[in-house]
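Trainee: turn this into a structure:
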Amino acid sequence: MPEVSAYAPEGVPDVAAGDDLVGLLLPLVDLADGEIVAVTSKVVAKAEGRVVRGERDDLLPQETVRVVARRGTTTIVRTRHGLTLAAGGIDASNVARGWVVLLPEDSDGSARRVRADIAARTGRNVGVVVTDTAGRAWREGQTDIAIGAAGLRVAEEYAGRVDAHGNELEVTAPAVADEIAGLAELAQGKLSGRPFAVVRGRADLVLPPGEDGPGAAALVRPEGVDMFGYGAREAVLRAARGAPADAAPFGVPVTLPELRRALEDAGLRLDEPRHLPAARIVAFAHGWRVDEPTRDGDIGLRPLTT
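Mentor: Numbering: from 1, shown residues only. Next up, the predicted model:
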């Protein structure tokens with residue numbers, strides 16, 4: 001891998017519902033086997049008729065599974081696609097006033113169709129990523145990520161390999177599909193009207209013809225696995241509410257010794273009646289339920305999943 005490059009061609013017109021994306025791309029590039037085509041989710045969505053009339057705030061509930069966090073005018077949600085995005089990925093830029101662009105219904109499916117169409121028209125075996133812009137926890141700014149992929153290894157697995165010093169790697173797994181999306185965006189820019197990019201130099205990531213791979217959905221952490229299922233304030237409110245439907249983002253129940261340590265760290269005792277309301281909140285956040293005291297004053301603890 002001596003060189004990796006990205007090229008974003010000019011000359012793509014404004015895309016509308018029903019437009020042939022591959023037909024727009026092919027006159028502008030000369031594709032080769034092993035290259036990776038990146039296309040923005042916005043033009044995919046436009047071609048698929050996902051431009052709708054309305055305001056973003058009004059349409060957000062229909063795209064939302066649950067709210068992760070709210071800060072001022074910003075709402076971060078987990079979408080019905082499984083993605084965690086500000087405003088559910090609904091985009092009001094580069095579209096007529098009063099209209100918005102929703103995410104593609106199935107970005108992995110969109111990537112598969114583009115890949116198959118390219119193969120049918122050119123005979124070339126390429127990978128495809130559908131990209132969108134997202135923020136990152138702990139970091140300012142945004143970068144593009146892959147929300148759809150086909151014919152591509154979306155992550156490399158380094159666990160079990162040994163570095164130059166003999167240290168075994170345990171959890172290193174570069175999300176190469178996201179890295180490709182970020183590289184493509186560097187070539188495309190945000191305001192240049194270049195929705196396609198061709199990434200060269202990573203043919204090792206492209207799968208053989210007929211193999212589409214797991215798609216970008218493989219990069220989405222299942223509910224309850226992410227350590228940050230709620231924003232800091234929202235986590236407190238959800239735990240205080242204690243509704244069973246709110247439990248999943250907190251993850252699987254901790255062990256009983258871990259729960260007891262958490263209660264101790266919070267300065268709470270189950271045998272102290274005035275501590276019970278706060279103890280229930282701490283327990284819920286750790287996947288446990290504090291039962292009402294028995295007639296003998298005993299306090300029961302049980303995992304929320306039982």
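Trainee: centre of the chain to stretch 215-223, how far?
Mentor: Offset of stretch 215-223 from its chain centre (CA atoms, centre = their mean, to the nearest Å): 7 Å.
Trainee: can you check stretch 74-87 too?
Mentor: For stretch 74-87, the distance to the chain centre is 8 Å (CA atoms, centre = their mean).
Trainee: buried set for it?
Mentor: Buried residues in stretch 74-87, counted by 16 or more other CB atoms under 10 Å: Thr75, Ile76, Val77, Arg78, Thr79, His81, Leu83, Thr84, Leu85, Ala86, Ala87. Quick note: C-beta positions are derived from backbone N, CA and C, even for glycine.
Trainee: out of those, flag the one nearest to Gly54.
Mentor: Ala87 (12.8 Å; CB to CB).
Trainee: surely the closest one meets Leu60?
Mentor: Yes. Contact criterion CB atoms under 8 Å: Ala87 and Leu60 qualify, at 6.3 Å.
Trainee: pull up the overlap in contacts between these two.
Mentor: Listed as contacting both Ala87 and Leu60 by CB atoms under 8 Å, 6 or more residues apart in numbering are Thr75, Val77.
Trainee: so which residues make contact with the lengthiest strand in the chain?
Mentor: Criterion DSSP state E: the longest strand present in the chain is strand 139-150. By CB under 8 Å, 6+ apart, the residues outside strand 139-150 that reach it are 41, 44, 81, 83, 89, 103-104, 106-112, 114-115, 127-136, 154, 175, 177-178, 180-182, 184-185, 212-213, 215-216, 219.
Trainee: show me which of the residues you listed are buried.
Mentor: By 16+ other CB under 10 Å, the contacts of strand 139-150 give 41, 44, 81, 83, 89, 103-104, 106-112, 114-115, 127-134, 154, 175, 177-178, 180-182, 184-185, 212-213, 215-216, 219 as buried.
Trainee: what number of residues lie near Cys65?
Mentor: In this structure residue 65 is Val, not Cys. A count of neighbours around Val65, defined by other CB atoms under 10 Å, yields 15.
Trainee: ok, Arg221 next?
Mentor: Neighbours of Arg221 (other CB under 10 Å): 12.
Trainee: what strand or helix carries it?
Mentor: Using DSSP states H and E, Arg221 is not contained in any helix or strand.
Trainee: for Val114, same thing?
Mentor: Using DSSP H and E, Val114 falls in helix 107-122.
Trainee: dump the C-alpha coordinates for that helix into PDB.
Mentor: C-alpha atoms of helix 107-122 as PDB (Å, rounded to 0.1, in the frame of the first residue of the first chain):
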ATOM      1  CA  SER A 107     -28.000   2.400   2.500                       C
ATOM      2  CA  ASP A 108     -26.400  -1.000   2.300                       C
ATOM      3  CA  GLY A 109     -29.000  -2.000  -0.300                       C
ATOM      4  CA  SER A 110     -28.300   1.200  -2.200                       C
ATOM      5  CA  ALA A 111     -24.600   0.400  -2.300                       C
ATOM      6  CA  ARG A 112     -25.200  -3.100  -3.500                       C
ATOM      7  CA  ARG A 113     -27.400  -1.800  -6.400                       C
ATOM      8  CA  VAL A 114     -24.700   0.700  -7.400                       C
ATOM      9  CA  ARG A 115     -22.000  -1.900  -7.300                       C
ATOM     10  CA  ALA A 116     -24.100  -4.400  -9.400                       C
ATOM     11  CA  ASP A 117     -24.900  -1.700 -11.900                       C
ATOM     12  CA  ILE A 118     -21.300  -0.700 -12.300                       C
ATOM     13  CA  ALA A 119     -20.300  -4.400 -12.800                       C
ATOM     14  CA  ALA A 120     -23.100  -4.900 -15.400                       C
ATOM     15  CA  ARG A 121     -22.100  -1.900 -17.400                       C
ATOM     16  CA  THR A 122     -18.300  -2.000 -17.200                       C
END
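Trainee: mind giving me the domain ranges of the chain?
Mentor: 5-50+104-219, 232-303 (automatic domain parsing).
Trainee: mean neighbour count, the ones you listed: which tops it?
Mentor: domain 5-50+104-219 (a mean of 18; mean count of other CB atoms under 10 Å).
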